[in-house]
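Trainee: can't give you the sequence, but here's the structure:
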């Protein structure tokens, strides 16, 4: 089985994926016609986390990767947190889910020296 992506053909070997019909060709370039279009979005992902807001707390709903592209790295933490909170006992440990991440704030300064009159 193969999937034609423009000039590149990739063979897919998996039992997990649905089969792709041999007589159908899909192009990776097909989505570019929507990027610059003023038409309504043909596919809307409800609940996907996207980039933004910008520096002044503004989100621009434009079709560029900087604003509206849901990414694996952007959504992985959210998905992991939701899995941990799903309530299943054999899932992730929600108390240690992010324990390996360094804090985003600096260490606290040392206490001041004792005051002497």
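Mentor: Cool, the structure landed. Predicted model, so just to flag it, every value in this text is computed and none were measured.
Trainee: which stretches in the chain count as strands?
Mentor: All strands of the chain, identified by DSSP state E, fall at 2-5, 8-11.
Trainee: isn't residue 53 right up against residue 61?
Mentor: No. Between residue 53 and residue 61 there is no contact under CB atoms under 8 Å: 11.0 Å. Every residue, glycine included, has its C-beta placed from N, CA and C.
Trainee: what residues are up against the closest residue to residue 68 other than its chain neighbours?
Mentor: Leaving aside its chain neighbours, residue 68 sits nearest to residue 50 (5.1 Å; criterion: CB to CB, 6 or more residues apart in numbering). In this structure, residue 50 makes contact with 67, 68, 69, 70, 74, judged by CB atoms under 8 Å, 6 or more residues apart in numbering.
Trainee: please report how far residue 50 lies from residue 102.
Mentor: 25 Å (CB to CB, to the nearest Å).
Trainee: what about the helices in this protein?
Mentor: Ranges of helices in the chain, per DSSP state H, are 32-35, 65-68, 72-84.
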